[in-house]
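Chemist: My questions concern the predicted model and sequence given below.
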Amino acid sequence: MVVNWKKSLAWQQILLITPVVLLVVLVLAYYLTSASADMLRKEIEQRATRSVELGAARLNGIFVEAERAAKTLSLIIEEDLCSDEQLQDIMAKNIAGLHETNPEITGGSIAYAPYSRHPSRENCMWYTHFSGGEQQTVTVGEDYDYFSFPWFSHSDHLNGSWAEPYFDDGLGNILMTTYSQPFRVNGKFAGMVTIDISLQELKRYISKLPGTAGYAFLLSGSGRIVVHPKSEWIMSHTVFDLAPEDPAFQEFWRKAMEPGADCVPYDFHKLNNGEHGEYVIANANMECNNWLVGAKLSQTELFRPLLRLRHYASLLAVSAVVLAMIILGMLTWRALKPLRMLAPAARRIGAGDFSAKLPKLERQDEVGQLNDAFASMQRSLQSYICKLENTTAARNRMESELSIATRIQQSLLPQRCSLNSKCGRYELFATLRPAKEVGGDLYDFFHLSDDELAVAIGDVSGKGIPGALFMAVTQTLLRGSASPLLTTGEVACRINAHLASSNDMMMFVTFFFGVFNLSTGVLRYTNAGHNPPLIRRVDGTVETMSGIQGPPLAISDHEYTTAEHRLAPGDLLLLYTDGVTEAIDAANNEFSLARLKKIIAAADDKVSCETLISRIVEAVAVHAGSAEQFDDITLLALRYEKSAE
């Protein structure tokens, strides 16, 4: 059917594209804003990294200059050619020169080891430093125990090293870090030349690094906070103390302390200072002592103007979407009016009223075609419902008949019995679980006399109703043929003759029939092609009653014989069909005879026949899992007890 394009729903949908395009444009603008933010973020991070690298290089130069001066002074001392006054003058001039070019270097000293300078004096230390713009040089008194200071006692007596920051109480009276350069006289360690760098001076320089969007900090090689806006943290904490129980925090700063430079997101600000927002840490390490120069930058502040622009763009986008929704609603309301006329009739059809009257729509667009489709569906449903009613009625009759057949078949089977005879006692239990509503398996047990108990089990070749009918005939023939005057082989011959005489369907049944003497424990039996029964002895061993006396019944004219087996008191006889051992799982693995024997052997001597059969049925179900049962499952258990006194 040709649709007038001006009246089609497709044309109406075109009118809706404009708001969508507008939305796409706004989304694209938002994306470009985000992309700009990413580019700006990278630029800021690169600048921050360069800034801290330059700061680290500047500080490293100061520290290296201090090391060089200390080494030069130590070489002069090692020549051992200068008097005390000359050494003090050389030291003072060196420190003055360093302070002039690097104001961060505020002092230095020559500290001799005990009795190394003057045999009669333990202490010998000269110290010079700048205070208030003036240089002061003093000879340290005997009461100043500099030997225990870290810069002297913990320093490497072979190489120079930087001490951890400390407060010099008594001489400089400032926070400082000290470089210690050992010197030797006559091949022996004789003392230290030290150069002091003021942390306060470093703070003035470090604080200028990050600009207005953050702050800079300085950490020693062990992570101790040397410069930081929070004065209470300086010298009293390491960065690792701020969140000692957070492994991620510890790992972040451990990597930051490694040599190199980087700029990485910082997600731990809430752990130590309560700040909010997004931050990055730019850091670089000083080569001479592995101190870390860092800057913590607030991305929230850096991107505030860009975020404000993004908010305005978002507001504009929301306004455009609202306007587009209003227009879309108006157009949709108009376009769907015919559908609203069709909806009540469609609801009535959905509720089952297939005679509901559809509206007459004089239009050739998609809505008109939909109305015609509903009319065609209405006619098809009426025809389908009529056929379905007939099919459902036939199915219900079949299910009812199958239910009756199931009850009839179950009524043909004997129920559980546990009886005492005059000469003996036994326990017996049997069950049949058909694969379909009715099955082709059978079992039976009945007394031929007070001392003789007949037991039988069979498996018909067919399933369903044909198998059930053949099973019923077999069981009827068994009941009619069994007699104390006949052997089991003679009974099997009679049943076989009747079944074979009118077996047009060419069906057969595997069959086991036995007569158990309750006084002597002797089981006389005939096995016509059936699974060999199992015997569980009192000692737990499981035996197979091997030997078959002929083919399955209803196949040919055969003379069946009788075999004999003896059961001791406490022994258990188990009859079963192949639906047990050949039950398969989803992978087509069979349950197997070996597994059945294992379950029987694992049972204790006192387990009841019903319990044992329940365990076997449950084990088969677990093995099969989701696989569908394809064959009938039948079990009969007989335990022989000792004779009555």
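Modeler: Yep, that arrived. Numbering: from 1, shown residues only.

Chemist: any idea how far Tyr266 is from the residue positioned nearest the centre of the chain?
Modeler: For the chain, Ala248 is the residue whose C-alpha lies nearest the centre (C-alpha atoms, centre = their mean; 21.7 Å). Ala248 is 11 Å from Tyr266, where distance means C-beta to C-beta, to the nearest Å. The C-beta positions use only the backbone N, C-alpha and C, and glycine is treated the same way.

Chemist: Over to Lys598?
Modeler: For Lys598, the distance to Tyr266 - C-beta to C-beta - is 65 Å.

Chemist: between the two, which one's more packed in?
Modeler: Using other C-beta atoms under 10 Å, the more surrounded residue of Lys598 and Tyr266 is Tyr266, with 19 against 12.

Chemist: pLDDT value on that one, please?
Modeler: pLDDT for Tyr266: 71.

Chemist: That one bridge partners, please.
Modeler: Tyr279 (DSSP bridges).

Chemist: Isn't it up against Val280?
Modeler: Yes. Tyr266 is within contact range of Val280, at 5.9 Å (criterion: C-beta atoms under 8 Å).

Chemist: Could you list the low-pLDDT ranges of the stretch 101-250 of the chain?
Modeler: 154-156, 170, 172, 210-213 (pLDDT under 70).

Chemist: Tell me where it has strands.
Modeler: Counting by DSSP state E, counting those that start in this stretch, the segments of the stretch 101-250 of the chain that form strands are 105-112, 125-131, 134-139, 161-162, 166-167, 175-185, 188-198, 214-219, 225-227.

Chemist: will you turn those into JSON lines that also has mean neighbour count and distance to Pro259?
Modeler: Below are these laid out as JSON lines (neighbours: other C-beta atoms under 10 Å; distance: least, C-beta to C-beta, whole Å):
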{"stretch": "strand 105-112", "mean neighbour count": "25", "distance to Pro259": "24"}
{"stretch": "strand 125-131", "mean neighbour count": "21", "distance to Pro259": "32"}
{"stretch": "strand 134-139", "mean neighbour count": "13", "distance to Pro259": "36"}
{"stretch": "strand 161-162", "mean neighbour count": "20", "distance to Pro259": "15"}
{"stretch": "strand 166-167", "mean neighbour count": "14", "distance to Pro259": "24"}
{"stretch": "strand 175-185", "mean neighbour count": "23", "distance to Pro259": "19"}
{"stretch": "strand 188-198", "mean neighbour count": "23", "distance to Pro259": "21"}
{"stretch": "strand 214-219", "mean neighbour count": "24", "distance to Pro259": "13"}
{"stretch": "strand 225-227", "mean neighbour count": "22", "distance to Pro259": "18"}
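
Chemist: so which of those strands comes closest to Asn503?
Modeler: Proximity to Asn503, assessed across the strands of the stretch 101-250 of the chain by C-beta to C-beta, is greatest for strand 214-219 (99.4 Å).

Chemist: Please report the distance of the residue nearest to the centre of the chain from Asn285.
Modeler: Distance, Ala248 to Asn285, using C-beta to C-beta: 21 Å.

Chemist: show me where pLDDT drops low in the stretch 451-600 of the chain?
Modeler: For the stretch 451-600 of the chain, no range has pLDDT under 70.

Chemist: If we use 80, what do you get?
Modeler: 462-465, 504 (pLDDT under 80).

Chemist: All the helices of it, residue numbers only.
Modeler: 464-481, 488-501, 578-581, 593-602 (DSSP state H, counting those that start in this stretch).

Chemist: These: which one's closest to Leu567?
Modeler: helix 593-602 (14.5 Å).

Chemist: contacts for stretch 553-564?
Modeler: Stretch 553-564 has contacts (C-beta atoms under 8 Å, 6 or more residues apart in numbering) with 458, 474, 487-490, 492-493, 495-497, 499-500, 503, 507-511, 522-529, 547, 549-551.

Chemist: does Ser376 count as helix, strand or coil?
Modeler: What DSSP: H, G, I helix; E, B strand; the rest coil gives for Ser376 is helix.

Chemist: list the contacts for the nearest residue to Gly540 once chain neighbours are set aside?
Modeler: Spatially, and ignoring its direct neighbours in sequence, Gly540 is nearest to Ala601 (5.7 Å; C-beta to C-beta, 6 or more residues apart in numbering). By C-beta under 8 Å, 6+ apart, the contact list for Ala601 reads Arg536, Gly540, Thr541, Val542.

Chemist: Now flag whichever of the residues you listed is closest to Glu78.
Modeler: Gly540 (96.0 Å).

Chemist: Return the distance of the closest one relative to Ala603.
Modeler: Taking C-beta to C-beta, one finds Gly540 at 9 Å from Ala603.

Chemist: more crowded one of those two?
Modeler: Legend: neighbour count by other C-beta under 10 Å for Gly540 and Ala603, higher for Ala603 (17 against 12).

Chemist: element containing the closest residue to Met286 other than its chain neighbours, please.
Modeler: Distance criterion C-beta to C-beta, 6+ apart; nearest residue to Met286, sequence neighbours excluded, is Asn60 at 4.3 Å. Taking DSSP states H and E as the criterion, Asn60 maps to helix 17-78.

Chemist: I'd like to know which of the helices of the stretch 451-600 of the chain is closest to Glu452.
Modeler: Among these, helix 488-501 sits nearest to Glu452 (C-beta to C-beta), with 11.0 Å.

Chemist: Tell me how far the residue located most distally from the centre of the chain lies from Met471.
Modeler: Here the chain reaches farthest from its C-alpha mean at Ser83, the gap being 77.6 Å by C-alpha atoms, centre = their mean. Distance, Ser83 to Met471, by C-beta to C-beta: 129 Å.

Chemist: same question, Ser198
Modeler: In terms of C-beta to C-beta, Ser198 sits 108 Å off from Met471.

Chemist: now swap in Glu100 and tell me
Modeler: For Glu100, the distance to Met471 (C-beta to C-beta) stands at 118 Å.

Chemist: between those two, which one's more packed in?
Modeler: Shown here are Glu100 and Met471; by other C-beta under 10 Å, Met471 has more neighbours (27 against 10).

Chemist: ok, now how distant is the more buried one from Trp253?
Modeler: Counting by C-beta to C-beta, the gap from Met471 to Trp253 is 83 Å.

Chemist: Could you do Tyr112 as well?
Modeler: 39 Å.

Chemist: One more: Ile495?
Modeler: 92 Å.
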